[in-house]
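Peer 1: predicted model, plus sequence, below.
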There are 2 protein chains.
Amino acid sequence: MAGRVIPPPPEPADKWEVQLRKGCLELAILAALWSERLYGLEIMRRLADGSGLIVPEGTVYPLLSRLKAEGLLSSEWVEADAGHPRKYYRLTAAGRRRVVEMARFWENFSASLDDLLAPVRKDTR
Amino acid sequence: MAGRVIPPPPEPADKWEVQLRKGCLELAILAALWSERLYGLEIMRRLADGSGLIVPEGTVYPLLSRLKAEGLLSSEWVEADAGHPRKYYRLTAAGRRRVVEMARFWENFSASLDDLLAPVRKDTR
DNA sequence: TGCCATACCTTGCACCGCAAGGTATCATGC
DNA sequence: GCATGATACCTTGCGGTGCAAGGTATGGCA
């Protein structure tokens, strides 16, 4: 087919949602790894099923690499019974510390924004 | 002076905070304008005093321009009793609609992240 | 006349999400 | 065998954005 599907007109309305996720994704992924090791696609499924956070591969893999390079994650290849081998990621000690730190920051931050939104909520109910 | 102050080594640890604010800033500013018109520096003070959101000028002014260009804000110059005239911003009808929309999205999003963080919170208490 | 405070704006860099496109491995059907 | 599809990981390039730094204009004050 020659004509492309027309890259859906980048509605400026939903761009802010993309921005909102920046930074949060890092937290989300680290949090998902809190209690067990997971591999790439598994993380994506976790976030999608558990929290409705749809994160494409092109986002997850570079992010995982970066987090590993920063020493927050370690990885190990594991042969699967069938199919492609999987690269499992787990939190390092520094990673665990960071999650706790970020969780605290998130708590403050989201509380602040909630305060700012209080008047809006009040008027729209 | 010749030697610059050494641009403080961009600690990778606090970069994520910068990222987290992306998108949220737009929401924060629109929310601050929910009940009254404000001018640039006033908005910054609001966010800083009310929510600890330190937002530099280089961020606020371009953002305000963008929001105006998108039709979410309108502006008017007002002579001050003293000093430089002020440019007051107020929400347009589209802006009000957008805030409500964003507030709803924010509520879902932050709830999802809170869920993800539940195990972390449980272990660190 | 300088100087500071208030107020607004612009430039340039660095960062990051993500669509698109790519590679490797195995199972299955013909 | 050989194509096909599923699973899994990775890379490139573009566009959007925060923000440090630097700049302009106005009025008060010593």
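Peer 2: Perfect, thanks for sending it.

Peer 1: next, the spatially closest residue to residue A:68 that is not a sequence neighbour: secondary structure please.
Peer 2: Counting by C-beta to C-beta, 6 or more residues apart in numbering or on different chains, residue A:68 lies nearest to residue A:75, which is 5.9 Å off, once chain neighbours are set aside. Just so you know, the C-beta spots here come from the backbone N, C-alpha and C atoms, and that holds for glycine as well. Taking DSSP: H, G, I helix; E, B strand; the rest coil as the rule, one finds residue A:75 in the strand state.

Peer 1: swap in residue A:71?
Peer 2: Residue A:71 falls in the coil class when you classify it by three-state DSSP.

Peer 1: same question for residue A:90.
Peer 2: When the structure is split into helix, strand and coil by three-state DSSP, residue A:90 lands in strand.

Peer 1: if I look at the residue in chain A that DNA strand C sits nearest to, how far off is residue A:40?
Peer 2: Of all residues in chain A, residue A:58 sits closest to DNA strand C, at 2.6 Å by C-beta to the nearest atom of the strand. Residue A:58 sits 12 Å away from residue A:40, going by C-beta to C-beta, to the nearest Å.

Peer 1: of those two, who's got more company?
Peer 2: Neighbours per residue, other C-beta atoms under 10 Å in any protein chain shown: of residue A:58 and residue A:40, the larger number sits with residue A:40, 17 against 8.

Peer 1: OK, contacts around the spatially most central residue of chain A?
Peer 2: The centre of chain A sits closest to residue A:25, judged by C-alpha atoms, centre = their mean, with a distance of 2.8 Å. Residues near residue A:25 by C-beta atoms under 8 Å, 6 or more residues apart in numbering or on different chains: A:53, A:55, A:59, A:63.

Peer 1: am I right that it sits in a helix?
Peer 2: Yes: with three-state DSSP as the criterion, residue A:25 is assigned to a helix.

Peer 1: how far away is it from residue B:73?
Peer 2: According to C-beta to C-beta, residue A:25 and residue B:73 sit 28 Å apart.

Peer 1: in chain A, which helix has the most residues?
Peer 2: helix A:93-123 (DSSP state H).

Peer 1: what about that helix and DNA strand C, touching?
Peer 2: No: applying C-beta under 7 Å from any atom of the strand, one finds helix A:93-123 separated from DNA strand C by no less than 12.8 Å.

Peer 1: is that helix positioned near chain B?
Peer 2: Yes: judged by C-beta under 8 Å from any C-beta of the partner chain, helix A:93-123 and chain B are in contact via A:98-100, A:102-103, A:105-106, A:108-110, A:112-117, A:119-121, A:123.

Peer 1: element containing the nearest residue to residue A:26 once chain neighbours are set aside?
Peer 2: Residue nearest to residue A:26 in three dimensions, not counting chain neighbours: residue B:16, with 5.2 Å by C-beta to C-beta, 6+ apart. Under the criterion of DSSP states H and E, residue B:16 resides in helix B:15-21.

Peer 1: which residues are in contact with that helix?
Peer 2: Outside helix B:15-21, the residues touching it (C-beta under 8 Å, 6+ apart) are A:22-24, A:26-27, A:102, A:105-106, A:109, B:53, B:55.

Peer 1: how near is residue A:97 to residue B:104?
Peer 2: In this structure, residue A:97 and residue B:104 are separated by 34 Å, where distance is defined by C-beta to C-beta.

Peer 1: quick one on the thing from earlier: show me what the longest helix of chain A is packed against.
Peer 2: helix A:24-32, helix B:15-21, helix B:24-32, helix B:40-51, helix B:93-123 (3 or more C-beta pairs under 8 Å, 6 or more residues apart in numbering or on different chains; DSSP states H and E).
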